[in-house]
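Peer 1: I would like the atomic coordinates for the input below:
(2 chains)
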Amino acid sequence: MRLSGRFGRFGGCYVPEILVPALEELEGAFLGSQEDPVFAAELNDLLANYAGRPTPLTRCRNLPGNIYLKREDLLHGGAHKTNQVLGQGLLAKRMGKTRLIAETGAGQHGVATAIVGALLGFETVIYMGAEDVERQQLNVFRMRLMGAEVIPVESGGRTLKDAINEALRDWSASFETTHYLLGTAAGPHPFPTMVREFQRVIGREARTQIIEQLGRLPDVVIACVGGGSNAIGLFADFINDDLRLIGVEAAGRGLDSEEHGATLLRGTPGILHGAETYVLQDPDGQVTDTWSVSAGLDYPAVGPEHAHLKESGRAQYVGATDAEALAAFKALAQREGILCAFESAHALAHAMKLAEAEPEIAILVGLSGRGDKDVSQAQALIA
Amino acid sequence: MSRYQAMFDRLDGDGAFGAFLMLGDPDLETSARLLDAVVEGGADMVEVGIPFSDPVADGPVIQAAAQRALASGVRVGDCLDLIASFRNRHPDVPVGILTYANIVIARSGFIRDAAEAGADSLLIADVPTIEATPFTLEMEQAGIEPVLIAAPNTPDAALQRIASLSKAYTYCVSRAGITGTHAGGQFDAGLIERVKRKGAPPPIFGFGISRPEHVRAALSAGAEGVICGSAIVDLASRHGDVASFVRSLKEVTRNDSAAE
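Peer 2: From the prediction side, this is the model:
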């Protein structure tokens, strides 16, 4: 490996020896692409003319305070995920791979991978926990419609982490022809660095846009954190600025209940899915089940760079409960006419709390995705 | 002299037969009985899994075994107790632990406790050579021998690290994949030759050993032994005669038999 893949003491490359050459190949291709103007031009063309970048920055007209929303919900595919699947898709082409595999929880990353598989002509296989397949029939259909094969994973708890396990197992035997298109800024090196670089566009645009609109930088930048890709993408270009960075984790049914996905707030350091990071686990090191109303935050580990930002104190991590997220989801719909994803509603919930406490500050919120996927669940929960 | 070294000396050119079992599968009592059964069948060394909730290097058979153990409430401490009592019953049989990094780091003193329980080696499936040093240093201090994995796609630089970091034996796999992967009876003699040339510990083939002809082919490729995992675990889960099965494979490792 050419880079250390470490963020402080976190990160690294904890995979079976068999996969190390595949990750070295990926790191080489990624670093090569970063210096290649042809790659950058093709990616920028897809981001602009296929996916619809730049996405707008919207100042809330009616919610109290001074809240700006970075509108990744308006990106093709409906969430920030598209940014990085296009990047990884082009990398897979560059490496001569013909097949993509990916994991998905609720199906958002699976749909994004199916999009790039259809667009760039890959055979695409999506691993999805059998439990999630049953709960997310519509996304399963979307993926199949775009030509992806969806394989229900029956092992373990039959959810996202089991889907990642299964994708890693597939990759252990298939890496010669196959690229594992990991969905977030987690996993073994080089994924956390690579995914951050492909998501950096969110913060880069937002920084320019808010300076244009507000005349200065915001006081606070807030994003939700599951695996942490939209948050790290939003934070990356603000890390050296004098402002607060806040990540919002899923507090589920309460941080003191056992039903949450607040890895940084309630987890302990461990090694899962290739990286040293915070993990929700029992004293023996067995990984525990998580809960959140939003499937995208329902993950027992977190990207290693967030673990480092927490430990170094550069970013602060807080929780928003299911109920707080639902209230924010509803408020944004009623007051601003925007249906956001449940994940993004966690970030907004904390922003609304802050706006009340400190009405003078300017808050930038990553609105990572649109809420269409959550509408039927919202109907059951709110009605 | 280490138990592995003593075993290789004792075998005097015969291939070593390693039997793998998941500790606590399906419960502690049965697990202890199965450990005795593989020794009765002639296993020269025993490899034991400590169950982990997310075993990414394992195929369906070993995954299911870990799930059964965890579902019956087996804790890491119970597994170490199983090793300690096995050690009392079988003072000379080398015992190697196969597990995952999170189990090793979650519980402070795991490596020391494993050594004290009488385990001879430790293979951490998701710690490749580039991340191995902090672990192997701690193992050396505790008196437990590190084992690392070599595959056909493992570059010479990594084999060099295996040679300098590990002891006991080198766990060789014939093709990429996970446990239970069928090697199709093909075992890579080139890998064995590279392992030996780098001066790494004795190469032993795992993955894809389920029949006498696999054992024969693996030894013909130059390996010093074989480890059979999924086939034994699968048979045990169906209440089959594990001792007889081990005996049928062990037979092939004897020099006079391999020459037939």
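Peer 1: could you look up the SS state of the closest residue to A:Gly28 other than its chain neighbours?
Peer 2: Distance criterion Cβ to Cβ, 6 or more residues apart in numbering or on different chains; nearest residue to A:Gly28, sequence neighbours excluded, is A:Arg2 at 7.5 Å. Backbone N, C-alpha and C define where each C-beta goes, glycine included. Secondary structure assignment for A:Arg2 (DSSP: H, G, I helix; E, B strand; the rest coil): coil.
Peer 1: cool, B:Pro51 as well?
Peer 2: B:Pro51 ends up coil, using three-state DSSP.
Peer 1: that one - how many residues pack around it?
Peer 2: Residue crowding around B:Pro51 was assessed by other Cβ atoms under 10 Å in any protein chain shown; the count is 28.
Peer 1: contacting residues for it?
Peer 2: B:22-25, B:65-67, B:69-70, B:74, B:79 (Cβ atoms under 8 Å, 6 or more residues apart in numbering or on different chains).
Peer 1: for these, which two are the farthest from each other?
Peer 2: B:Gln67 and B:Cys79 (14.9 Å; Cβ to Cβ).
Peer 1: higher neighbour count, those two?
Peer 2: Remark: of B:Gln67 and B:Cys79, B:Cys79 carries more neighbours, 27 against 18, as counted by other Cβ under 10 Å.
Peer 1: burial of the closest residue to the more buried one other than its chain neighbours, as a residue count?
Peer 2: Nearest residue to B:Cys79, sequence neighbours excluded (Cβ to Cβ, 6+ apart): B:Leu23, at 4.1 Å. Neighbours of B:Leu23 under the rule other Cβ under 10 Å: 28.
Peer 1: correct me, but B:Leu23 touches B:Gly49?
Peer 2: Yes. Under the criterion of Cβ atoms under 8 Å, B:Leu23 makes contact with B:Gly49 at 6.3 Å.
Peer 1: so what pairs up with A:Val125 in the strands?
Peer 2: For A:Val125, the beta-bridge partners are A:Ile101, A:Glu149 (DSSP bridges).
Peer 1: and it, how close does it get to A:Gly28?
Peer 2: 24 Å (Cβ to Cβ, to the nearest Å).
Peer 1: and what of B:Gly199?
Peer 2: 29 Å.
Peer 1: more neighbours, the two?
Peer 2: A:Gly28 (14 against 11).
Peer 1: element containing the more buried one?
Peer 2: helix A:20-34 (DSSP states H and E).
Peer 1: packing partners of that helix?
Peer 2: Helices and strands touching helix A:20-34, by 3 or more Cβ pairs under 8 Å, 6 or more residues apart in numbering or on different chains; DSSP states H and E, are helix A:81-94, helix A:191-214.
Peer 1: list the buried residues in the longest one.
Peer 2: Judged by neighbour count using 16 or more other Cβ atoms under 10 Å in any protein chain shown, the buried positions of helix A:191-214 are A:191-207, A:209-210.
Peer 1: and the residue of chain B found nearest chain A, what does it touch?
Peer 2: Here chain B gets closest to chain A at one residue, B:Ala106, 2.8 Å apart by Cβ to the nearest Cβ. B:Ala106 makes contact with A:268, A:270, A:281, A:283-285, according to Cβ under 8 Å, 6+ apart.
Peer 1: could I get the residues you listed as a markdown table with neighbour count and distance to A:Gln316?
Peer 2: Shown next, in a markdown table, are those (neighbours: other Cβ atoms under 10 Å in any protein chain shown; distance: Cβ to Cβ, whole Å):
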| residue | neighbour count | distance to A:Gln316 |
| --- | --- | --- |
| A:Thr268 | 13 | 19 |
| A:Gly270 | 22 | 22 |
| A:Gln281 | 23 | 23 |
| A:Pro283 | 10 | 27 |
| A:Asp284 | 21 | 30 |
| A:Gly285 | 26 | 27 |
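Peer 1: coming back round to it: return the subset of the contacts of B:Pro51 lying in helices.
Peer 2: B:65-67, B:69-70, B:79 (DSSP state H).
Peer 1: and the pLDDT for whichever residue of the stretch 101-250 of chain A sits closest to chain B?
Peer 2: Across the stretch 101-250 of chain A, no residue is closer to chain B than A:Ala173, which sits at 3.9 Å (Cβ to the nearest Cβ). A:Ala173 is assigned 93 on the pLDDT scale.
Peer 1: that one: neighbouring residues, count only.
Peer 2: A:Ala173 has 15 nearby residues by other Cβ under 10 Å.
Peer 1: name the element it belongs to?
Peer 2: helix A:160-174.
Peer 1: which helices and strands does that helix pack with?
Peer 2: strand A:99-104, strand A:123-129, strand A:149-153, strand A:178-180.
Peer 1: ok, back up a step: so who does the residue of the stretch 101-250 of chain A closest to chain B touch?
Peer 2: Here A:Ala173 is in contact with B:175-178, B:181 (Cβ under 8 Å, 6+ apart).
Peer 1: can I get those residues in TSV including distance to chain A and pLDDT?
Peer 2: Shown next, in TSV, are these (distance: Cβ to the nearest Cβ, whole Å; pLDDT from 0 to 100):
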residue	distance to chain A	pLDDT
B:Arg175	8	78
B:Ala176	5	78
B:Gly177	4	83
B:Ile178	5	86
B:Thr181	7	76
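Peer 1: for chain B, what are the nearby residues on the stretch 201-350 of chain A?
Peer 2: A:268-274, A:279, A:281, A:283-287 (Cβ under 8 Å from any Cβ of the partner chain).
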